[in-house]
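> No sequence on hand, only this structure:
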């Protein structure tokens, strides 16, 4: 059996929503033992998202099974984790948390600044208990500064990062990005930070605290615009699909119901290839399109010509013809396109997992890359508190009597 990179690493996942779980997943995919701490009295928000049959909802809520149906939770946690439920309003639950922190190598948490400190579980406390502990803290705005105490979700942070001021058309209002964008960007930086801290821990025996803010991670993706303002006091207006150094550049209508293809022409060489694909009609010979600068200045007119040509073909046909001539082009894919995509099938991207409540379900193959010497392992999402008894008794050595008493006292609610 292959040995995976993080095998033997012990991780506490005390996270909420999207960005934190993605961070812990990265370690779990490649062998880390991850214990997910939740609370039955305050379930993760993603457990409460989903399409539940109203006729079944009441019965499901009575026995809490509705918390296992949330598709948002399922796609956020498609990896093997051990689940424990702790009501941190109970002192004994706080003590169990501390024992787990002593056991762990890494703690990943993603709550608003002060949440752990209020319960006596801040980094300063946990560091005294376990000097080797790496504590990765991810929140909207970081744990210092004037905004540190403000709660933040991906959409609010995406807005504050500046993305919403650059998405939209010049004659309309800006268009919000329809996802928790920075939730997906931040883990790329957080994963690198964790690997760095784990390497340091293994070499020195010392842990450390990683303070990551989504706003800092997100702003890196629009850094040229920030630098442009810093140096030139210039802000980018809404430009739709326009690009200052490419034309044609945009999404063009194709044959079919709401079907589109994206095309980008960056160089004169690519323009020549583009012209060959469209058959070198008269308009391609116009002097105004002879240079990149001319094409950019006359993008509106050029786009009209391009749309008249692309609407005769399917997006797949346009993509294939353009790519053969060295022009960047791609289908504007729907979910149906993605599921049928031969390239994704070649990578075995969609995999089926058996779920006790939902039956067989398709999940994405994580985490966006493959290692030649190790396989990322998928698993159905952990149930809330699924392994509470095992964790308490087998990992922490809590006696049967004490465990039963804690159950009655609501420690695991």
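Sure thing, it's come through. Please read all numbers here as calculations on a predicted model, not as lab measurements. Residues are numbered from 1 along each chain as shown.
> Would you point out the helix or strand in this protein whose mean pLDDT is lowest?
Lowest mean confidence among the helices and strands of the chain (mean pLDDT, DSSP states H and E): helix 54-62, at a mean of 53.
> Roughly how far does the residue sitting furthest away from the middle of the chain sit from residue 271?
Each residue of the chain has a distance to the centre, and by CA atoms, centre = their mean the biggest one is for residue 282: 46.5 Å. Taking CB to CB, to the nearest Å as the measure, residue 282 falls 16 Å from residue 271. The way it works is simple: take the backbone N, C-alpha and C, and place the C-beta from them, glycine included.
> What of residue 17?
Distance of residue 17 to residue 271, computed by CB to CB: 45 Å.
> Surely residue 135 is within a strand?
Yes: counting by DSSP: H, G, I helix; E, B strand; the rest coil, residue 135 is located in a strand.
> Please verify my assumption that it contacts residue 122.
No: using CB atoms under 8 Å, residue 135 is not in contact with residue 122, being 9.1 Å away.
> More neighbours: which of these two?
Each of residue 135 and residue 122 has its neighbours counted (other CB atoms under 10 Å); residue 135 has more, 25 against 17.
> so who does the closest residue to residue 43 other than its chain neighbours touch?
Nearest residue to residue 43 in three dimensions, chain neighbours excluded: residue 67, at 5.3 Å (CB to CB, 6 or more residues apart in numbering). For residue 67, the set of contacting residues under the criterion of CB atoms under 8 Å, 6 or more residues apart in numbering consists of 43, 47, 48, 73, 384.
> farthest pair in the residues you listed?
By the measure CB to CB, 48 and 384 form the most distant pair in the contacts of residue 67, at 11.1 Å.
> Neighbour count: those two, which is higher?
Between residue 48 and residue 384, counted using other CB under 10 Å, the more crowded position is residue 384 (21 against 14).
> burial of residue 24, as a residue count?
Burial measure for residue 24: 30 neighbouring residues, criterion other CB under 10 Å.
> My error: substitute residue 99 in the last question.
17.
> now it: how far from residue 49?
For residue 99, the distance to residue 49 (CB to CB) stands at 32 Å.
> Enumerate the positions of the biggest helix by length in the chain that are buried.
The helix that spans the most residues within the chain, counting by DSSP state H, is helix 181-204. Within helix 181-204, the residues that qualify as buried by neighbour count (16 or more other CB atoms under 10 Å) are 181-183, 185-187, 189-191, 193-194, 197-198, 201.
> from those, which single one is nearest residue 140?
Proximity of the buried residues of helix 181-204 to residue 140 was ranked by CB to CB; the top entry is residue 182 with 8.3 Å.
> I'd like to know which elements the helix or strand containing residue 37 is packed against.
Per DSSP states H and E: residue 37 is located in strand 33-38. Counting contacts by 3 or more CB pairs under 8 Å, 6 or more residues apart in numbering; DSSP states H and E, strand 33-38 packs against strand 10-14, helix 19-29, strand 82-85, helix 91-103.
> between these, which gets nearest to residue 263?
Between residue 263 and those, the shortest gap by CB to CB is with helix 19-29, which sits at 32.1 Å.
> And the closest one, what does it pack against?
When contacts are defined as 3+ CB pairs under 8 Å, 6+ apart, helix 19-29 sits against strand 10-14, strand 33-38, helix 71-76, strand 106-109, strand 134-139, helix 181-204.
> circling back: out of the helices and strands packed on strand 33-38, nearest to residue 234?
Judged by CB to CB, the one of the helices and strands packed on strand 33-38 that comes nearest to residue 234 is helix 19-29, at 31.6 Å.
> outside of that closest one, which residues touch it?
Residues outside helix 19-29 that contact it (CB under 8 Å, 6+ apart): 6, 9, 11, 13-15, 34, 36, 46, 76-81, 106, 108-110, 136, 138, 154, 180, 182-184, 186-187, 190-191, 194, 214, 366-367, 376-377.
> Quote the end-to-end distance of stretch 263-283.
Across its full length, stretch 263-283 reaches 18 Å between end residues, using CA to CA, to the nearest Å.
> again with stretch 362-379
The distance separating the two terminal residues of stretch 362-379, taken as CA to CA, comes to 11 Å.
> same thing with stretch 379-389?
End-to-end distance for stretch 379-389, by CA to CA: 21 Å.
> tell me the domain ranges of this protein?
Under the assignment named as automatic domain parsing, the residue ranges that make up the domains of the chain are 10-220+347-408, 249-332.
> For residue 239, find the nearest of those domains.
The closest approach between residue 239 and any of these, judged by CB to CB, belongs to domain 10-220+347-408 at 6.2 Å.
> Any idea how many residues pack against the residue nearest to residue 191 when sequence neighbours are not counted?
Excluding the flanking residues, the one nearest residue 191 by CB to CB, 6+ apart is residue 26, at 4.9 Å. A count of nearby residues for residue 26, using other CB under 10 Å, gives 24.
> shift numbering so it begins at 52
Happy to do that; since the first residue is 52 now, the last one works out to residue 77.
> how close does residue 77 get to residue 244?
Distance check for residue 77 against residue 244: by CB to CB, it reads 11 Å.
> Now residue 290: closest residue in space, sequence neighbours ignored.
Leaving aside its chain neighbours, residue 290 sits nearest to residue 221 (6.2 Å; criterion: CB to CB, 6+ apart).
> where do the helices sit along the stretch 352-464 of the chain?
With DSSP state H, counting those that start in this stretch applied, the stretch 352-464 of the chain shows helices at 366-375, 386-391, 393-397, 439-441, 451-459, listed in chain order.
> so which of those is the most packed in?
helix 366-375 (a mean of 18; mean count of other CB atoms under 10 Å).
> in this protein, which segments are predicted with low confidence?
The chain contains residues with pLDDT under 70 at 52, 101-117.
> what do you get if the cut-off is 80, keeping everything else the same?
52-53, 99-123, 227-230, 408-409, 416-419 (pLDDT under 80).
> those strands in the stretch 352-464 of the chain, which residues are they?
Secondary structure of the stretch 352-464 of the chain (DSSP state E, counting those that start in this stretch): strands located at 379-382, 401-406, 410-415.
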